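Asks: give me a model of this one.
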Amino acid sequence: MIRELWPLLLVRDVDESSHFYTSKLGFEVAGRAESEDGVYWCRLKRDGASFMLQQRAKDRDYLDSPAPNVTFYFVCDDADKLYTEFSAKGLSLSPPSLAYYGMKQLFVPDPDGYVVCFETPTETWSG
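Replies: Model prediction:
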């Protein structure tokens, strides 16, 4: 039985990224690993969703660009409510919009260039 999926995002600064996800998007730190250089990994969760952040190796040139081809979709109860919540925390976002397949979607860029989408099924959703 597969019970959960925890995607791993390579980020420039674990502290900066975890602060963004906790202070702006309402996630909480569920686990972390540290070395003498500080935190290099953490797992974040909100409700039933989790993902991990890993410090990029500073000597790896191929990791210097963000991941524009990766988007994380979190299915949620109310994208409009999250838009209000995130806007109140200082994020400048476009309001949720309706996708052609019937999901109401709120897109949020993170500090490393990943895109996070919070989406709510509507009556016209065909999934």
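
Asks: pretty sure residue 21 contacts residue 111?
Replies: No - with contact defined as Cβ atoms under 8 Å, residue 21 does not reach residue 111; the gap is 9.4 Å. Heads up, the C-betas are built off the backbone N, CA and C, glycines and all.

Asks: more neighbours, the two?
Replies: Neighbours per residue, other Cβ atoms under 10 Å: of residue 21 and residue 111, the larger number sits with residue 21, 23 against 15.

Asks: quick one, phi psi at the more buried one?
Replies: The phi/psi pair for residue 21 (degrees, to the nearest 10) reads phi -70, psi -30.

Asks: what pLDDT does the model give it?
Replies: The model reports residue 21 with a pLDDT of 98.

Asks: same question for residue 69.
Replies: Model confidence at residue 69, given as pLDDT, is 63.

Asks: switch to numbering from 16
Replies: New numbering, starting at 16: the last item is residue 84.

Asks: which helix is the longest one in the chain?
Replies: helix 94-103 (DSSP state H).

Asks: avg pLDDT for the strand or helix carrying residue 135?
Replies: For residue 135, the host element (DSSP states H and E) is strand 130-136. Taken as a whole, strand 130-136 carries a mean pLDDT of 91.

Asks: any weak-confidence spans in this structure?
Replies: Residues of the chain meeting the criterion pLDDT under 70: 16-17, 73-84, 140-142.

Asks: quick one: the helices in it?
Replies: Assigned by DSSP H, the helices in the chain fall at 29-34, 94-103.

Asks: mind putting those helices into JSON lines with mean neighbour count and distance to residue 21?
Replies: Below are the helices of the chain laid out as JSON lines (neighbours: other Cβ atoms under 10 Å; distance: least, Cβ to Cβ, whole Å):
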{"stretch": "helix 29-34", "mean neighbour count": "17", "distance to residue 21": "15"}
{"stretch": "helix 94-103", "mean neighbour count": "16", "distance to residue 21": "21"}
